[in-house]
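In: make a model of this:
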Amino acid sequence: MKDKSFEQYKRIFLFSEIVLTLDAMCGLFGWLWYSYLNTLNEKPFTGSGNLMEIVVYVIATLVFIQIFGGFEIGFYTALNAILSQVLAMFCVNFLMAVQTILTISSIYTLDEIFLAFFILQVAQVVAAIILVQCFDHLYVWLFPAWDILLVYENDSVRLFMDKVNTRKDKYVIGDTINVSEGVEAICDKIRKHDSVIIYDVSSALRNDLIKFCYGEGIRVYQTPKISDILIRSAKEHHLFDTPLLMSNNIGLTFEQKVVKRLIDIVVSFLMLIITAPIMLITAICIIIEDHGPVFFIQERITLHDRPFMIYKFRSMIVDAEADGKARPAVADDDRITKVGRIIRKTRIDELPQLYNVLKGDMSLVGPRPERVEHVIKYTEKIPEFQYRTKVKGGLTGYAQVYGKYNTTAYDKIKLDLMYIENYSLVLDFRIVVMTIKVIFMKSSTEGFANNNLPGEEQMKAENGEDS
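Out: Sure thing, here's the model as predicted:
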């Protein structure tokens, strides 16, 4: 078992990391402001004016790094945390550059201002790399990986173990035990480990094990079932001395739907105008490569299981599914064109869906709309799959930010339900911002492995998980 003596100081460590990161990023801006940017003003700020600029920059930095997850040292990988901080500072610097231009009000200094902020961005990239690497190594040294006992019931545990083993800096599976060995044997093993992961265990036994771990003061992780996610969003009712938990189970409220639709219309219209040059160039490149059609049109399912035609830039060869069989993209798929590989990695192929959003078929944020044949296949094996259509399908979504292209069907359901049951405009904003980071992460666009296509091994492994 690991030495837990430093665990009590984890919050202090994370607070120190936030303070030092803010000091570094905002300190660089402060130096740039006092030494150069402020001098461009006809009437340079003094006293409270300078202080206000620094305070605004600090607040913006704190908010954007928090949104992108740049402070999650030890939770995200070092590369992920660096990318989060770099993208956050790019957003902050862009906003501050615009604010500075409006403040100075001189077109003769535009190039100087943008150059100054470019130099600032480069300096902050270097600072992010150094700071995150230092904090990450210090975190691993102070808080070594937990020695975990994995308790499982089904053979599908091998898929889950592969995921856990990608983060050996945080979790090390020291031993495994099947529930068939009995509760007494499981409890004896639990006492010998730092923590426990309960994977896909029937509800009655899982509840007993969770209570045992609580009594022993042992950290416990569990893969949630659909009912767990629904209960998390329930509201407390204290009408009498027996507590009640109430779940509405209606999806979004009327007011949320109205506001969400208004935002969809305004943002999609503006984005269609802004991205028009990119879409024009993409269309020309597709035509030049193989003279085939620009758009790929396919039937998908949205709110209340309503079918609609989705629009994407074609990224595969013409007649990629000429045999009529649905074949999702796999790793190193030879059907993907040269232009297709670029627009898939950058998500440019999704831009035509802004038209679907404007029409009302989709929303900017929501569960990704699935193909009709996939919905039928998944629903046969996993009836809960239909829960995703309590809201409109989205251009991006919770599962796209926290999952991957090849995330299993059942895990996608869980992620999408987390979004539906915890919906807010703030969550929508966070997902949109986080999508920017996802574009730069290779794992988010990974195809299915050839031996792990959706609807086959995944659904066999996950069928009946809610038992």
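In: next, the closest residue to N249 other than its chain neighbours: phi, psi?
Out: Nearest non-adjacent residue to N249, counting by CB to CB, 6 or more residues apart in numbering: L230, 7.3 Å away. Bear in mind the C-beta positions are built from the backbone N, C-alpha and C, glycine included. Here the main-chain torsion angles of L230 (degrees, to the nearest 10) amount to phi -70, psi -40.
In: just checking, T282 touches R347?
Out: No: applying CB atoms under 8 Å as the test, T282 and R347 come out as separate, 11.5 Å apart.
In: out of those two, which sits in the more crowded spot?
Out: Neighbours around T282 and R347, counted as other CB atoms under 10 Å, are more numerous at T282. The numbers are 23 against 17.
In: which SSE is immediately downstream of the helix or strand containing the more buried one?
Out: Assigning secondary structure by DSSP states H and E places T282 in helix 276-290. Helices and strands here follow DSSP H and E; after helix 276-290, the next one along the chain is strand 295-301.
In: and that next one, how far out from the chain middle?
Out: Centroid separation between strand 295-301 and its chain, computed with CA atoms, centre = their mean, to the nearest Å, is 24 Å.
In: and the helices in the stretch 201-350 of the chain?
Out: Taking DSSP state H, counting those that start in this stretch as the test, the helices found in the stretch 201-350 of the chain are 203-216, 226-232, 254-274, 276-290, 338-345.
In: swap that for the stretch 351-467 of the chain, please
Out: So, for the stretch 351-467 of the chain - with DSSP H, counting those that start in this stretch - the helices run 353-359, 372-381, 398-402, 409-421, 425-439, 457-462.
In: how about these in JSON lines, adding mean pLDDT and distance to Q8?
Out: Rendered in JSON lines, the data for the helices of the stretch 351-467 of the chain read as follows (pLDDT from 0 to 100; distance: least, CB to CB, whole Å):
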{"stretch": "helix 353-359", "mean pLDDT": "95", "distance to Q8": "48"}
{"stretch": "helix 372-381", "mean pLDDT": "87", "distance to Q8": "45"}
{"stretch": "helix 398-402", "mean pLDDT": "88", "distance to Q8": "29"}
{"stretch": "helix 409-421", "mean pLDDT": "89", "distance to Q8": "30"}
{"stretch": "helix 425-439", "mean pLDDT": "88", "distance to Q8": "30"}
{"stretch": "helix 457-462", "mean pLDDT": "42", "distance to Q8": "38"}
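In: redo the ones you listed as JSON lines? Include mean neighbour count and distance to C213.
Out: Conversion of these to JSON lines gives the following (neighbours: other CB atoms under 10 Å; distance: least, CB to CB, whole Å):
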{"stretch": "helix 353-359", "mean neighbour count": "20", "distance to C213": "45"}
{"stretch": "helix 372-381", "mean neighbour count": "16", "distance to C213": "31"}
{"stretch": "helix 398-402", "mean neighbour count": "23", "distance to C213": "25"}
{"stretch": "helix 409-421", "mean neighbour count": "22", "distance to C213": "22"}
{"stretch": "helix 425-439", "mean neighbour count": "17", "distance to C213": "30"}
{"stretch": "helix 457-462", "mean neighbour count": "18", "distance to C213": "24"}
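In: how about these in a markdown table, adding distance to V259?
Out: As requested, those are exported to a markdown table (distance: least, CB to CB, whole Å):
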| stretch | distance to V259 |
| --- | --- |
| helix 353-359 | 15 |
| helix 372-381 | 28 |
| helix 398-402 | 18 |
| helix 409-421 | 16 |
| helix 425-439 | 7 |
| helix 457-462 | 35 |
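In: out of those, which is closest to D111?
Out: Nearest of those to D111, taken as CB to CB: helix 425-439 at 25.8 Å.
In: and the angle for that closest one with helix 254-274?
Out: Counting by axes from the mean of the first three to the mean of the last three CA atoms, to 10 degrees, helix 425-439 lies at 40 degrees to helix 254-274.
In: any idea how far helix 425-439 is from the chain center?
Out: Distance, stretch centre to chain centre, for helix 425-439: 7 Å (CA atoms, centre = their mean).
In: same check on stretch 104-120?
Out: In terms of CA atoms, centre = their mean, the centre of stretch 104-120 is set 34 Å apart from its chain centre.
In: what comes up buried for it?
Out: I104, T109, I113, A116, F117, L120 (16 or more other CB atoms under 10 Å).
In: my guess is the fifth one contacts C91. True?
Out: It stands for F117. No: counting by CB under 8 Å, F117 sits too far from C91 to count as a contact (11.9 Å).
In: quick check, L149 in a strand?
Out: Yes: following the definition DSSP: H, G, I helix; E, B strand; the rest coil, L149 is counted among the residues of a strand.
In: pLDDT wise, what is it at?
Out: Confidence per residue is given as pLDDT, and for L149 that number is 93.
In: just I297 next, same as before
Out: Here the pLDDT value assigned to I297 is 92.
In: so what's it bridging to?
Out: According to DSSP bridges, the partner residues bridging I297 are Y311.
In: separation between it and Y355?
Out: Separation of I297 from Y355 (CB to CB, to the nearest Å): 11 Å.
In: repeat for I177
Out: Applying CB to CB to I177 and Y355 gives a distance of 53 Å.
In: same check, this time on I67
Out: 28 Å.
In: what does D169 give?
Out: 43 Å.
In: what residues are up against the spatially most central residue of the chain?
Out: A centroid search over the chain (CA atoms, centre = their mean) returns V401, at 2.2 Å, as the residue closest to the centre. Residues counted as contacts of V401 (CB atoms under 8 Å, 6 or more residues apart in numbering) are I431, M434, T435, V438.
In: and for Y221?
Out: If you count contacts by CB under 8 Å, 6+ apart, then Y221 has I148, S195, V196, I197, I198 around it.
In: what's the ChimeraX line that selects buried ones from the residues you listed?
Out: Of the contacts of Y221, the buried ones go into a single ChimeraX selection, burial set by 16+ other CB under 10 Å:
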select :148,195,196,197,198
